[in-house]
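1. structure here, sequence nowhere to be found:
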């Protein structure tokens, strides 16, 4: 089963940082391959985002954290699907809730016959409505999100 998990939210809410942190904590079987959004192989994630693929639990997983525009979403998914379509079992990709980036995900999913899961990361705010992934009691929402995403990915790879 091939599945794209779309992490959807409005701008500046932490989608990218959630996926970047997820990429650091997946117990990859070997170091993942990192790309820029032009399709060039690079040594490590750069610029606060990640586009990568790697083996986890014997199958291929891809991550694309740049979800702000149709161009970035489309580019990231096409780099993963068109060059590696028979290899990538689960893709986790960021996108906005409105505009063209969700459409880019739907289009690639349809073209490459991926099932879809639409979800959102966990977002905390302070009493002043400032973004904060850590609540006042020390609960790290990114840690909980990563744990739940890993459980979802495990189920999708069965």
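-> Alright, I've got the coordinates. These figures come from a predicted structure and were not determined experimentally.
2. following the strand or helix carrying residue 62, which helix or strand comes up?
-> Secondary structure assignment for residue 62, by DSSP states H and E: strand 59-64. Downstream of strand 59-64, the next assigned helix or strand under DSSP H and E is helix 70-84.
3. the inter-axis angle of that following helix versus strand 59-64?
-> 160 degrees (axes from the mean of the first three to the mean of the last three CA atoms, to 10 degrees).
4. packing partners for helix 70-84?
-> strand 51-56, strand 59-64, strand 88-95, helix 101-112 (3 or more CB pairs under 8 Å, 6 or more residues apart in numbering; DSSP states H and E). All C-beta atoms are positioned from the backbone trio N, CA, C, and that covers glycine.
5. worst mean pLDDT among the ones you listed?
-> Among the helices and strands packed on helix 70-84, helix 101-112 carries the lowest mean pLDDT, at a mean of 90.
6. return the set of buried residues in it.
-> The neighbour-count check on helix 101-112 (16 or more other CB atoms under 10 Å) flags 101-102, 104-109, 112 as buried.
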